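Novice: My questions concern the predicted model and sequence given below.
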Amino acid sequence: MLSVTEHKEIEFSADLISKFEEIVKRYPEGKQKSALLPVLHLVQAEYGWVSPEAMDKVANFLQIKPIEVYEVATFYTMFFLRPQGKFVLEVCRTGPCCLVGAEKIMNHIEKTLGVKEGEVTSDGNFSWRGVECLAACGMAPVLQIGPEYTFYENLTEESVDKLIENLKSKI
Amino acid sequence: MARKLLLENINVPGIHTFDVYRQNGGYRAVEKALKSMTPDAVVEEVKTSGLRGRGGAGFPTGMKWSFLAKPEGRERYLVCNADESEPGTFKDRYLMTHIPHLLVEGMIVSSFALGAKTSYIYVRGEMMPQIRILERAIAEAKNAGFLGKNILGSGYNLELYVQPGGGAYICGEETALIESLEGKRGNPRIKPPFPAISGVWGCPTVVNNVETIAAVVPIINEGGEEYAKVGIGRSTGTKLISASGNLAKPGVYEIELGLPVEEFIYSEEYCGGIANGKRLKAVVAGGSSVPILPANLILKTINGQPRLMSYESLSDGGFPTGSMLGSGGFIALDEDQCIVRNTWNFSRFYHHESCGQCSPCREGTGWMEKVLHSIENGHGKMSDIDLLVDVSKKIEGNTICPLGDAAAWPVASAIRHFRDEFEWHVTNPKAAMEGNYGLAHYADPLPKLEEEIQN
Ligand SMILES: Cc1cc2nc3c(=O)[nH]c(=O)nc-3n(C[C@H](O)[C@H](O)[C@H](O)COP(=O)(O)O)c2cc1C
Ligand code: SF4
Ligand code: FES
């Protein structure tokens, strides 16, 4: 689902473009479409989400049709199609994590931040959501925060409180 | 102490760096293969080792390699599957975090064997820290002359790249992974043609799991015959097991295949028993996709033989009383866990992750999730239980890729072994919402710790 927002022209920085160009070199001549996922990750790291305008620009850069970008951005769960909080807490909600208390952690985050899953706090700083198994089930419960996907393991309600305080101090 | 072939040096400080890894015998396999072996000889060595794919299916690696088409003048590719998204599996993350050069070394030797000049490691996008670690390891190896042009003067050229995924379990399926590497949605392809004939960009391609590629290093160092002496029967070598759930010491363990399950769960060397002195109720032994087994059947086969951690023993009894080794994701459930809730959670996962191409998978997973949700929340009917079995049967074997089976088996096996718990949810909806069915008759044959002390 693409969100309807005001159309805002964006311009990729020279630095970002040169990173894109480096990535394209990894693939054979004419197979530059393969760069799509790594490029979208860079766009999201820069802007916090992938906007329709950014997707059109990516299509233009890779010389593919805009629909080829939209269909990929909507398929993969890591790409945000709407603006998110500055920090997005992504908590694993899959079986093994639930065996050791992931649901309690999600309830606690919902209460502490005061927003439902997928919503952004009124100050624009936080959002959270449940995600599927993060390949860290032995250190459960776990959450990650992009764009570098830092990991927080063996969560307790107390460690989550500390983490949120810590993040607030960085704003 | 059991033999360790992959994680032997895991605790050496700085082993993630090239220098320390090299000082501890690293990159010997590259030297040996490139300087003294032909590519075919490397493939033969892997065949002799009996190594089987560690990604879940257990297909013999040497045989898979020998299927690779080698038309003249056509590129061929090796792609490492580091998508690791099967619930309960986290060994590849562990290996890449702590000993990344083992994977890089394995990729060089394996690419040489297959005649690939460009290879990719497809890492799930959420593992950004591991992507950075691998990129650094690759740069170090290249700097030292183990990658790039004319490696060690052998005339062999290789470039190795890391490709991030985007958060989709289905991209672990090898043809979906190939589509994703091409910059597309992760929709699995119809086979044939198999990737060995037509894979990435239509070129012959081999896809192998991280642990499989890593195992090539000790195989070349010690020889396939030596490797085959470790393990049991057709389950040769060692295996990384990801242990999670209600265990005293969850984590990644390298075991010699053939280790008794009981020893793995209860010995201090491995998981140290069930957490908080509770009793074991059930185990999912090979990642969420494999059939769940009650405690008594995971510890002993239906014939009363001790169950071993091997491809053969874990599947002993077939689906009626056995399971599978799968990816080695070993999930333990204690006496306080609800089987219905766990099954619903897994169903929700598969519904969420279905790519939507085949109607039995797309619709069936959603249906199973809905029915399980209503049973778990006190709105179930007795007929729902048979309905679930029926839907799971209609998915199984009727889809393009094995995700359909992976979604069907957990539901079918949970009902097979824990039907009374499902029925109890239907007949006692209020009690089921507030309490737990408990251990019931799935008794863990081993006594609780306190009872042991008292007696
Ligand atoms: C839905 C699905 C998910 C899979 N996920 C993974 C995965 O995350 N990692 C992996 O190595 N293999 C995964 N596989 C298995 C791969 O398709 C393939 O068999 C494997 O990568 C081959 O490597 P191997 O022979 O070294 O095991 C998955 C298969 C299916 C059907
Ligand atoms: S079985 Fe499911 S995941 Fe696999 S191709 Fe069909 S719809 Fe997609
Ligand atoms: S189930 Fe949460 S990390 Fe695997």
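Specialist: That came through fine. Ligands and ions are numbered 1, 2, ... in the order given.
Novice: For the residue most central in space within chain B, which residues are in contact?
Specialist: The centre of chain B sits closest to B:S327, judged by Cα atoms, centre = their mean, with a distance of 2.0 Å. Contact analysis of B:S327 by Cβ atoms under 8 Å, 6 or more residues apart in numbering or on different chains lists B:54-56, B:86, B:88-89, B:91, B:209, B:242, B:286-287. Where you see a C-beta, it was placed from the backbone N, CA and C, and this is true even at glycine.
Novice: What values do phi and psi take at it?
Specialist: Backbone geometry at B:S327, expressed as degrees, to the nearest 10, gives phi -90, psi 0.
Novice: So it versus B:G155, what's the distance?
Specialist: B:S327 is 37 Å from B:G155, where distance means Cβ to Cβ, to the nearest Å.
Novice: Can you find the residue of chain A that comes nearest to ligand 2?
Specialist: A:F75 (11.4 Å; Cβ to the nearest ligand atom).
Novice: same check, this time on the stretch 1-150 of chain B
Specialist: For the stretch 1-150 of chain B, Cβ to the nearest ligand atom, closest residue to ligand 2: B:S85, 12.5 Å.
Novice: per-residue confidence for residue 103?
Specialist: Using chain A here. In this model, A:E103 is scored at 97, pLDDT.
Novice: oops, chain B please
Specialist: 98.
Novice: what do you get for A:K170?
Specialist: Model confidence at A:K170 (pLDDT) stands at 89.
Novice: Now do the buried residues in stretch A:164-171.
Specialist: Neighbour counts over stretch A:164-171 (16 or more other Cβ atoms under 10 Å in any protein chain shown) mark A:164, A:167 as buried.
Novice: For that stretch, what is the distance to the chain centroid?
Specialist: Computed by Cα atoms, centre = their mean, to the nearest Å, the separation of stretch A:164-171 from the middle of its chain amounts to 19 Å.
Novice: So what touches that stretch?
Specialist: A:86-87, A:112-113, A:125-126, A:145.
Novice: change it to 6 Å
Specialist: With Cβ atoms under 6 Å, 6 or more residues apart in numbering or on different chains as the test, stretch A:164-171 has contacts from A:87, A:125.
Novice: Stretch B:262-270 too?
Specialist: For stretch B:262-270, the external contacting residues (Cβ under 6 Å, 6+ apart) are B:253, B:271, B:273, B:299, B:309.
Novice: how close does the residue in the stretch 151-300 of chain B positioned nearest to chain A sit to ligand 1?
Specialist: Closest residue of the stretch 151-300 of chain B to chain A, Cβ to the nearest Cβ: B:G166 (2.8 Å). Using Cβ to the nearest ligand atom, to the nearest Å, B:G166 is found at 14 Å from ligand 1.
Novice: Now do that residue: how many residues are near it, please.
Specialist: For B:G166, the neighbour count with other Cβ atoms under 10 Å in any protein chain shown is 24.
Novice: what do you get for B:M63?
Specialist: Neighbour count for B:M63, taken as other Cβ under 10 Å: 13.
Novice: how many other residues sit next to residue 87?
Specialist: All of this is about chain A. With other Cβ under 10 Å as criterion, A:F87 counts 19.
Novice: that's the wrong chain, I meant chain B
Specialist: B:P87: 30 neighbours (other Cβ under 10 Å).
Novice: Contacts only, for it.
Specialist: By Cβ under 6 Å, 6+ apart, the contact list for B:P87 reads A:94-96, A:133, B:288.
Novice: Model confidence at the residue lying farthest from the centre of chain A, what's the number?
Specialist: No residue in chain A sits farther from the centre than A:E29, which is 29.9 Å out by Cα atoms, centre = their mean. Note on A:E29: pLDDT of 96.
Novice: Tell me the residues of the stretch 1-150 of chain B that contact ligand 1?
Specialist: Contact residues, the stretch 1-150 of chain B versus ligand 1 (Cβ under 6 Å from any ligand atom): B:53-57, B:59, B:81, B:83-86.
Novice: ranking these by neighbours, who comes first?
Specialist: Most surrounded of those: other Cβ under 10 Å gives B:E84, at 33 neighbours.
Novice: Next up, the contacts around it.
Specialist: Here B:E84 is in contact with A:135, B:92, B:124 (Cβ under 6 Å, 6+ apart).
Novice: Swap in 10 Å and give it another go.
Specialist: Neighbouring residues of B:E84 by Cβ atoms under 10 Å, 6 or more residues apart in numbering or on different chains: A:133-136, B:55, B:90-96, B:123-124, B:126-127, B:130, B:165, B:169, B:172, B:209-211, B:242, B:287, B:327, B:329.
Novice: Which of these fall in helices?
Specialist: B:91-96, B:130, B:210-211 (DSSP state H).
Novice: how about the strands in chain A?
Specialist: Under the criterion DSSP state E, chain A carries strands at the ranges A:87-92, A:126-131, A:143-145, A:150-152.
Novice: per-residue confidence for the nearest residue to B:K184 once chain neighbours are set aside?
Specialist: Closest residue in space to B:K184, ignoring its immediate chain neighbours: A:V72 at 6.6 Å, by Cβ to Cβ, 6 or more residues apart in numbering or on different chains. pLDDT for A:V72: 98.
Novice: how many neighbours does A:V72 have?
Specialist: 24.
Novice: Pretty sure it sits against B:G183.
Specialist: Yes. Using Cβ atoms under 10 Å, A:V72 makes contact with B:G183 at a distance of 6.8 Å.
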